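Student: need a structure here:
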Amino acid sequence: QVQLVESGGGLVQAGGSLRLSCAASGRTFSSYVMGWFRQALGKEREFVAAISWTGGTTYYADSVKGRFTCSRDYVNNMVYLQMNSLKPEDTAVYYCAADRRLSISRTATTYDYWGQGTQVTVSS
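Tutor: All right, here's what the predicted structure looks like:
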(Lines give C-alpha, C1' and ligand atoms only; values in the text may rest on other atoms or scores of the structure.)
Protein backbone atom coordinates (compact mmCIF):
# COMPACT_ATOMS: atom_id res chain seq x y z
CA GLN A 1 0.00 0.00 0.00
CA VAL A 2 1.28 3.46 -0.92
CA GLN A 3 -0.12 6.77 0.26
CA LEU A 4 0.65 9.91 -1.70
CA VAL A 5 0.36 13.54 -0.60
CA GLU A 6 1.01 16.41 -3.01
CA SER A 7 2.01 19.93 -2.10
CA GLY A 8 3.48 23.02 -3.70
CA GLY A 9 0.60 24.23 -5.83
CA GLY A 10 -0.52 27.82 -5.90
CA LEU A 11 -1.10 30.93 -7.97
CA VAL A 12 1.69 32.12 -10.26
CA GLN A 13 1.98 34.53 -13.16
CA ALA A 14 2.66 33.31 -16.66
CA GLY A 15 6.37 32.71 -17.14
CA GLY A 16 6.85 31.85 -13.50
CA SER A 17 7.86 28.60 -11.80
CA LEU A 18 6.52 26.20 -9.23
CA ARG A 19 7.84 22.96 -7.76
CA LEU A 20 5.31 20.32 -6.84
CA SER A 21 6.22 17.71 -4.26
CA CYS A 22 4.73 14.30 -3.65
CA ALA A 23 5.43 12.56 -0.36
CA ALA A 24 5.08 8.79 -0.56
CA SER A 25 4.65 6.38 2.32
CA GLY A 26 5.42 2.69 2.13
CA ARG A 27 8.60 0.66 2.06
CA THR A 28 8.18 -0.33 -1.60
CA PHE A 29 8.24 3.23 -2.93
CA SER A 30 11.51 2.63 -4.74
CA SER A 31 9.97 -0.09 -6.91
CA TYR A 32 7.09 2.02 -8.26
CA VAL A 33 6.89 4.03 -11.43
CA MET A 34 5.77 7.50 -10.38
CA GLY A 35 3.65 9.73 -12.56
CA TRP A 36 2.15 13.20 -12.64
CA PHE A 37 -1.23 13.88 -14.19
CA ARG A 38 -3.38 16.96 -14.34
CA GLN A 39 -7.04 17.74 -14.80
CA ALA A 40 -8.32 21.11 -15.87
CA LEU A 41 -11.88 22.18 -15.14
CA GLY A 42 -14.26 20.44 -17.51
CA LYS A 43 -11.53 18.33 -19.10
CA GLU A 44 -10.30 14.77 -18.77
CA ARG A 45 -7.28 13.88 -16.68
CA GLU A 46 -4.14 13.96 -18.80
CA PHE A 47 -0.61 12.63 -18.51
CA VAL A 48 2.09 15.15 -17.65
CA ALA A 49 5.25 13.25 -16.72
CA ALA A 50 6.52 9.98 -15.32
CA ILE A 51 9.76 8.59 -13.94
CA SER A 52 10.91 4.99 -13.86
CA TRP A 53 11.49 3.06 -10.65
CA THR A 54 15.25 3.40 -11.24
CA GLY A 55 14.95 7.13 -11.80
CA GLY A 56 16.91 6.75 -14.99
CA THR A 57 14.08 7.28 -17.45
CA THR A 58 11.56 10.10 -17.66
CA TYR A 59 8.70 10.70 -20.07
CA TYR A 60 6.89 13.98 -20.67
CA ALA A 61 3.80 15.10 -22.47
CA ASP A 62 4.67 17.13 -25.57
CA SER A 63 2.91 20.14 -24.06
CA VAL A 64 5.36 20.32 -21.13
CA LYS A 65 8.55 18.94 -22.66
CA GLY A 66 11.45 21.31 -22.10
CA ARG A 67 9.60 23.19 -19.36
CA PHE A 68 8.85 20.54 -16.71
CA THR A 69 11.28 18.18 -14.98
CA CYS A 70 10.34 15.13 -12.95
CA SER A 71 12.72 13.72 -10.34
CA ARG A 72 12.65 11.45 -7.31
CA ASP A 73 14.42 11.23 -3.96
CA TYR A 74 14.72 7.65 -2.67
CA VAL A 75 16.07 8.66 0.73
CA ASN A 76 13.08 10.83 1.58
CA ASN A 77 10.48 8.98 -0.54
CA MET A 78 9.69 12.10 -2.56
CA VAL A 79 8.82 12.82 -6.15
CA TYR A 80 9.08 16.30 -7.61
CA LEU A 81 7.75 18.15 -10.62
CA GLN A 82 9.68 21.30 -11.38
CA MET A 83 7.55 23.51 -13.61
CA ASN A 84 9.16 26.44 -15.42
CA SER A 85 7.87 28.92 -17.99
CA LEU A 86 4.33 28.28 -16.86
CA LYS A 87 1.45 29.13 -19.15
CA PRO A 88 -2.22 29.80 -18.40
CA GLU A 89 -3.06 26.50 -20.11
CA ASP A 90 -1.07 24.70 -17.38
CA THR A 91 -3.81 25.64 -14.92
CA ALA A 92 -5.21 22.43 -13.44
CA VAL A 93 -5.30 20.17 -10.42
CA TYR A 94 -2.09 18.15 -10.46
CA TYR A 95 -2.03 14.58 -9.17
CA CYS A 96 0.81 12.30 -8.18
CA ALA A 97 0.35 8.60 -8.91
CA ALA A 98 2.19 5.32 -8.35
CA ASP A 99 2.24 2.28 -10.63
CA ARG A 100 3.42 -1.17 -9.53
CA ARG A 101 4.31 -2.18 -13.09
CA LEU A 102 7.93 -1.93 -14.24
CA SER A 103 7.22 -0.15 -17.51
CA ILE A 104 6.28 3.51 -17.67
CA SER A 105 2.70 4.21 -18.67
CA ARG A 106 1.06 7.41 -19.86
CA THR A 107 -2.41 5.99 -19.12
CA ALA A 108 -4.08 7.02 -15.89
CA THR A 109 -5.97 3.75 -15.48
CA THR A 110 -2.75 1.76 -15.12
CA TYR A 111 -1.75 3.63 -11.97
CA ASP A 112 -2.65 1.99 -8.69
CA TYR A 113 -2.39 4.79 -6.14
CA TRP A 114 -3.26 8.48 -6.29
CA GLY A 115 -2.82 11.56 -4.19
CA GLN A 116 -5.56 14.06 -3.47
CA GLY A 117 -4.22 16.65 -5.92
CA THR A 118 -2.88 20.18 -5.65
CA GLN A 119 -4.24 23.20 -7.53
CA VAL A 120 -1.97 25.12 -9.89
CA THR A 121 -3.31 28.37 -11.30
CA VAL A 122 -1.35 30.39 -13.85
CA SER A 123 -2.57 33.92 -14.49
CA SER A 124 -1.97 35.73 -17.77
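Student: and D99, bridged to which residues?
Tutor: V33 (DSSP bridges).
Student: that one and K87, how far apart?
Tutor: 27 Å (Cβ to Cβ, to the nearest Å). From N, CA and C alone the C-beta is placed, and that goes for glycine too.
Student: any stretches of this protein with poor pLDDT?
Tutor: Applying pLDDT under 70 to the chain flags no residue at all.
Student: sorry, back to before: more crowded one of D99 and K87?
Tutor: Legend: neighbour count by other Cβ atoms under 10 Å for D99 and K87, higher for D99 (21 against 14).
Student: tell me the contacts of that one?
Tutor: Y32, V33, M34, G35, A50, S105, T110, Y111, D112 (Cβ atoms under 8 Å, 6 or more residues apart in numbering).
Student: for those residues, which one is nearest G26?
Tutor: Within the contacts of D99, the smallest distance to G26 is 8.4 Å, found for Y32 (Cβ to Cβ).
Student: phi, psi for G35 please.
Tutor: phi -130, psi 160 (degrees, to the nearest 10).
Student: can you tell me which residues contact it?
Tutor: With Cβ under 8 Å, 6+ apart, G35 has these contacts: 47-51, 96-99, 104-106, 111.
Student: isn't E6 right up against Q119?
Tutor: No - judged on Cβ atoms under 8 Å, E6 makes no contact with Q119 at a distance of 9.8 Å.
Student: give the residues shared as contacts by these two.
Tutor: Counting by Cβ under 8 Å, 6+ apart, the residues touching both E6 and Q119 are Y94.
Student: what residues are up against the spatially most central residue of the chain?
Tutor: With distances taken as Cα atoms, centre = their mean, the residue of the chain nearest its centroid is W36 (2.4 Å). Contacts for W36 (Cβ under 8 Å, 6+ apart) come out as L20, C22, V48, A49, A50, C70, V79, L81, Y94, Y95, C96, A97.
Student: off-centre distance for whichever strand or helix holds it?
Tutor: Per DSSP states H and E, W36 falls inside strand 33-39. Computed by Cα atoms, centre = their mean, to the nearest Å, the chain-centroid distance of strand 33-39 equals 4 Å.
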